[in-house]
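Chemist: Can you look at this prediction? I've put the sequence above it.
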Amino acid sequence: MGLRVGVFTDSYKPYTSGVVRSIDTFKQELTKLGHEIYIFAPDYYGNSQNEETGVFRFKSISAPTNSNFSLAIPLSLTTSNTIKKLKLDIIHVHSPFLLGRLGAYHARMHNIPLVFTFHTFYEQYVHYVPFGQKVTRNIVKKFCAEFSNKCDTVIAPSTVAQKYLQEIGVKTPIRIIPTGIIIDDFKQSDKSWLRKKYNIPQDSVILLFVGRLGKEKNVGFIFDVFKKYLINTEATLVIAGGGPEKSTLKRVSDELNISHKVIFTGNLSKQEVVNCYCGADIFVFASVTETQGLVIGEAKAAGLPVVAVNQNGAAEMIENEYDGFLTDLNPQCFANKSMELINNHTMRHKMGQCAKKSAESISSHNCALRLLDCYIALLESKNYYPRTID
């Protein structure tokens, strides 16, 4: 009989982020395996039309530093009864804040095993706090460690994230389970869509970035590389995604006089993002804050060689000189590796094929099986029994 899992998260669809993609991917795969996944998430703009089944929304307010992000009000008179009726076997939280803490509270109240996925180096996001960032960074680390130590199992998407958690004092058992890639998505794409949609010449090499446009993604670094070293090449830079830094980045591209070779797509549908991956030539990524670098895995599944900064989770997603290049956080180094791929079609193709092959090792199905094994091991170790069995 399948398990019933309650997922508490501070972000979910229609918001787009790596966390949301991770939750959605695992939900799809676990559902295929016969398990029931229930989502407890913020309401966005009061809009829950065409809502998928099994999603419970909390009233929310707009975040003061990001109007597109909703902050759930973690209060509800019905949540406890809902959990009882659902007979949840596992509560899995995806944040140490707001709804994550509410999920942890109900796990203790109802004696349900508690799993926490550590998605983000949270202290790297303190630029969204308007004051006291140094103090805030230390508080966030301590807060995250204390929360983790109240859970039964912590999931880290990479060994880098695991080591970080151990360094800040997490004693709870940590399992490494990356977010998997839905390989089949990249077998059904329109490779010509990107060039047609944005009138990109056939002889132009497309450099692609996909991600939420926040400061932590370091897109400004890519602009610096493009301005100094790549502006005179036959290359076009495509920035796919939206976010709080979109207008600032557009202004910077104008100030650097590179806007004629930079395309901002804004937010795209899932299929359009896949079309971007499959229609591009090289994936470029300069974030140094990733616990995994999910978009790198997606790019590899589409057969793109990757140029990325050699730090944190991104470093684990690439085998240097096999399916991409890892570089220092130095514009010239990054540009040199990008130029190698821009100027060498054979290298691009060979690395792209290697990337596609290595992406299969983190398929969404295989990663979901690992998560399921984690759930079952936890239930057995704690002498819990699935509540679905009366």
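Modeler: It's in. Residues are numbered from 1 along each chain as shown.

Chemist: Please work out how many residues are found near I362.
Modeler: I362: 22 surrounding residues under other CB atoms under 10 Å. C-beta: built from backbone N, CA, C; applies to glycine.

Chemist: Likewise for N330?
Modeler: With other CB under 10 Å as criterion, N330 counts 12.

Chemist: how much space is there between it and Y198?
Modeler: 30 Å (CB to CB, to the nearest Å).

Chemist: Y277 too?
Modeler: 15 Å.

Chemist: the more surrounded of these two?
Modeler: Ranked by neighbour count (other CB under 10 Å), Y277 and Y198 place Y277 first, with 24 against 15.

Chemist: how about the longest helix seen in the chain as PDB, C-alpha atoms only?
Modeler: Secondary structure of the chain per DSSP state H: the longest helix is helix 364-381. Extracted in PDB, the C-alpha atoms of helix 364-381 (Å, rounded to 0.1, in the frame of the first residue of the first chain):
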ATOM      1  CA  SER A 364      13.900  11.700 -11.700                       C
ATOM      2  CA  HIS A 365      12.700   8.100 -11.400                       C
ATOM      3  CA  ASN A 366      16.000   6.900  -9.800                       C
ATOM      4  CA  CYS A 367      16.100   9.800  -7.400                       C
ATOM      5  CA  ALA A 368      12.400   9.200  -6.400                       C
ATOM      6  CA  LEU A 369      13.300   5.600  -5.500                       C
ATOM      7  CA  ARG A 370      16.100   6.900  -3.300                       C
ATOM      8  CA  LEU A 371      13.700   9.200  -1.500                       C
ATOM      9  CA  LEU A 372      11.200   6.400  -1.100                       C
ATOM     10  CA  ASP A 373      13.900   4.300   0.400                       C
ATOM     11  CA  CYS A 374      14.600   7.100   2.800                       C
ATOM     12  CA  TYR A 375      11.000   7.300   3.900                       C
ATOM     13  CA  ILE A 376      10.700   3.600   4.500                       C
ATOM     14  CA  ALA A 377      14.000   3.300   6.400                       C
ATOM     15  CA  LEU A 378      12.800   6.200   8.700                       C
ATOM     16  CA  LEU A 379       9.500   4.500   9.400                       C
ATOM     17  CA  GLU A 380      11.200   1.300  10.200                       C
ATOM     18  CA  SER A 381      14.000   2.800  12.300                       C
END
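
Chemist: How about the contacts made by the closest residue to F221 other than its chain neighbours?
Modeler: Distance criterion CB to CB, 6 or more residues apart in numbering; nearest residue to F221, sequence neighbours excluded, is A286 at 4.3 Å. Residues in contact with A286 (CB atoms under 8 Å, 6 or more residues apart in numbering) are 217-219, 221-222, 225, 308-309, 329, 334.

Chemist: That concludes my questions; thank you for your assistance.
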